[in-house]
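[1] my questions concern the predicted model and sequence given below.
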Amino acid sequence: MIKTKPTGPIPPGYQTIDGELAIGDRKASALVSEYGSPLFVYSASRLEARMAQLRAAMPDALNLHYAMKANPFPPLLRRMVGLADGIDIASGGELRIALAAGAAPDKISFAGPGKRDDELQQAIQAGVTINIESPGECARALQIANSADRKPRLAIRVNPDFDLKGSGMKMGGGAKPFGMDIELVAPTVKKLIDAGAEWRGFHIFAGSQALSADAIIETQSQTLDLAARLAKTIGRSPDHVNLGGGFGIPYFPGDEQLDIVKVGRALSARLEHLPDILSNTQCAIELGRYLVGEAGVYLTRIVDRKESQGQVFLVTDGGLHHQLAASGNFGTVVRRNYPAAIANRFESEPDETVSIVGCLCTPLDRLSDNAAMPKTDVGDVVAIFCAGAYGATASPANFLGQGPASEIMVA
């Protein structure tokens, strides 16, 4: 007997029309008929609602940045430029996309451990803040700025001596390619100040995809302590401290929503009692998947239904080349099922156990494993939720010559 495996929790708030999943007041099947399959659909109203919820929970004095690596789709990015206080980028390519989307240069910050000279030059010319990752990168940035007769805006990305407990990806603590070890920070800051650069402050990112409010609260407190300690060593207050992000979303069975109200209350209390050296410092958090992940749905049509050794396989025209994370091949140690449903039978009760696979010639191409679904056939539409972050641009779209999925923004 085949053991049924649970799927992750479908984000709350999705509506139905005539028993079908609706996104932006449009039936999923109608969207696929109009725009084709596979298709990423992003909801503007869900983006706006998430940002409103976050602003209500966080301190008024805190800036909220969007980390566009989560989803750089231009219509979505333009919406986020209007909603967020800043845009965080990680390449020269993202810089060009952010500027084209209307982001103001002085609201953009650029992180990443391997910035090329041409990327540094673009950033310096544009006037964005560069989060310096090493003394060597600092020297290159200063040289490029001097040659261009420009005053660069530089912050220091710090490799903290702690990590975010329970995070999906640990970005700090121990040897890391990201940021500078603590003992290198003060000498580097003094060097860039002496060279005439504008020192913007610190970028301290300890981890991502955490669902524990207590873990995030502890990490934010440690981050502020570290920023104060470094500032005292330097003898100068930073204009800005990026506290990183780390806010996760539920992907898998048993995951629960992060309690952002609890996080916000603790951070409010902490910001009200900062040491003098940080009293005039602007603090920010940068979030990607938390802002956009649950606003996206990946739709893919079933092209074949087959049985093998008593197991039912629903073969779709999509797959891991668009949804690498949902297939379990994006840093997941133990494969678990993402939230999934049959979009055009959204209100139907499950009555069979099926595996949903893609069209690629590899056993890795599996979107849902032995999941309970309603009776399904060729032509039905599969919905994979939590597809608004790290989907289209974080997956190998050209694997086996398949090409990218279409993307649209709806109300």
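    Nice, I can see it. Numbers count the residues shown, from 1 in each chain.

[2] which residues of this protein score low on pLDDT?
    165-174 (pLDDT under 70).

[3] let's go with 80 and repeat that
    Scanning the chain for pLDDT under 80 picks out 1, 163-177, 331-333.

[4] break it down into its structural domains.
    The record's domain parsing of the chain by automatic domain parsing lists 15-43+295-410, 72-287.

[5] end-to-end on the longest one?
    Terminal residues of domain 72-287 are spaced 13 Å apart (Cα to Cα, to the nearest Å).

[6] strands of the stretch 151-300 of the chain, start to end?
    Secondary structure of the stretch 151-300 of the chain, counting by DSSP state E, counting those that start in this stretch: strands at 153-159, 169-170, 180-181, 198-204, 207-208, 240-242, 282-287, 296-308.

[7] kindly reformat those strands as JSON lines containing distance to Arg55 and mean neighbour count.
    In short, each C-beta sits where N, CA and C put it, glycine included. Conversion of the strands of the stretch 151-300 of the chain to JSON lines gives the following (distance: least, Cβ to Cβ, whole Å; neighbours: other Cβ atoms under 10 Å):
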{"stretch": "strand 153-159", "distance to Arg55": "24", "mean neighbour count": "26"}
{"stretch": "strand 169-170", "distance to Arg55": "26", "mean neighbour count": "14"}
{"stretch": "strand 180-181", "distance to Arg55": "32", "mean neighbour count": "18"}
{"stretch": "strand 198-204", "distance to Arg55": "22", "mean neighbour count": "23"}
{"stretch": "strand 207-208", "distance to Arg55": "21", "mean neighbour count": "23"}
{"stretch": "strand 240-242", "distance to Arg55": "18", "mean neighbour count": "25"}
{"stretch": "strand 282-287", "distance to Arg55": "12", "mean neighbour count": "22"}
{"stretch": "strand 296-308", "distance to Arg55": "21", "mean neighbour count": "19"}
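
[8] out of those, which is closest to Pro339?
    Evaluated over these, closeness to Pro339 peaks at strand 296-308, with 9.4 Å, by Cβ to Cβ.

[9] strand partners (parallel or antiparallel) of the next helix-or-strand element following that closest one?
    Counting by DSSP states H and E, the element after strand 296-308 in chain order, helix or strand, is strand 311-316. Strand 311-316 pairs in its sheet with strand 296-308 (antiparallel), strand 352-357 (parallel), by DSSP bridges.

[10] what about the longest one, distance to the chain center?
    The reference is to strand 296-308. Chain-centre distance of strand 296-308: 26 Å, with Cα atoms, centre = their mean, to the nearest Å.

[11] this structure: helices as residue ranges?
    Secondary structure of the chain (DSSP state H): helices at 28-35, 44-57, 74-83, 92-100, 117-126, 135-148, 182-194, 213-234, 260-271, 289-292.

[12] can I get the fifth one as PDB, trimmed to CA atoms?
    Right, helix 117-126. C-alpha atoms of helix 117-126 as PDB (Å, rounded to 0.1, in the frame of the first residue of the first chain):
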ATOM      1  CA  ASP A 117      35.200  45.900 -11.100                       C
ATOM      2  CA  ASP A 118      32.700  46.900 -13.700                       C
ATOM      3  CA  GLU A 119      29.900  46.300 -11.200                       C
ATOM      4  CA  LEU A 120      31.600  48.400  -8.600                       C
ATOM      5  CA  GLN A 121      32.100  51.100 -11.200                       C
ATOM      6  CA  GLN A 122      28.400  51.000 -12.100                       C
ATOM      7  CA  ALA A 123      27.400  51.200  -8.400                       C
ATOM      8  CA  ILE A 124      29.700  54.100  -7.700                       C
ATOM      9  CA  GLN A 125      28.600  56.100 -10.700                       C
ATOM     10  CA  ALA A 126      25.000  55.500  -9.800                       C
END
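
[13] using JSON lines, lay out the strands of the stretch 151-300 of the chain together with distance to Thr223.
    Shown next, in JSON lines, are those (distance: least, Cβ to Cβ, whole Å):
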{"stretch": "strand 153-159", "distance to Thr223": "9"}
{"stretch": "strand 169-170", "distance to Thr223": "14"}
{"stretch": "strand 180-181", "distance to Thr223": "15"}
{"stretch": "strand 198-204", "distance to Thr223": "5"}
{"stretch": "strand 207-208", "distance to Thr223": "11"}
{"stretch": "strand 240-242", "distance to Thr223": "8"}
{"stretch": "strand 282-287", "distance to Thr223": "9"}
{"stretch": "strand 296-308", "distance to Thr223": "29"}
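
[14] for Ile89, find the nearest of those strands.
    Among these, strand 282-287 comes nearest to Ile89, with 10.4 Å by Cβ to Cβ.

[15] partners of the closest one, with directions?
    strand 63-67 (parallel), strand 240-242 (parallel).

[16] now the angle from the longest one to helix 74-83?
    Between the axis of strand 63-67 and that of helix 74-83 there is an angle of 170 degrees, by axes from the mean of the first three to the mean of the last three Cα atoms, to 10 degrees.

[17] pretty sure Pro227 sits against Asn242.
    One thing to correct before we go on: residue 227 is Ala, not Pro. No: using Cβ atoms under 8 Å, Ala227 is not in contact with Asn242; the gap is 9.6 Å.

[18] now do the shared contacts for the two.
    Each of Gly201, Phe202, Ile204 lies in contact with both Ala227 and Asn242 under the rule Cβ atoms under 8 Å, 6 or more residues apart in numbering.

[19] roughly how far apart are the second one and Glu137?
    Okay, so that is Phe202. 15 Å (Cβ to Cβ, to the nearest Å).

[20] cool, and Asp259?
    37 Å.

[21] what about the two, which has more around it?
    Glu137 (21 against 16; other Cβ atoms under 10 Å).

[22] and the nearest residue in space to the more buried one that is not next to it in sequence, what does it touch?
    Leaving aside its sequence neighbours, Glu137 sits nearest to Lys115 (Cβ to Cβ, 6 or more residues apart in numbering; 6.3 Å). Listed by Cβ under 8 Å, 6+ apart, the contact set of Lys115 reads Gly92, Ala123, Ile130, Glu133, Glu137.

[23] phi first, then psi, for Lys115.
    For Lys115, the backbone dihedrals (degrees, to the nearest 10) come out as phi -70, psi 130.

[24] just the shared contacts of Ala227 and Asn242 now: which is nearest Leu99?
    Distance to Leu99, by Cβ to Cβ, is smallest for Gly201 among these, at 22.3 Å.

[25] so how far is Ile234 from the closest one?
    Separation of Gly201 from Ile234 (Cβ to Cβ): 10 Å.
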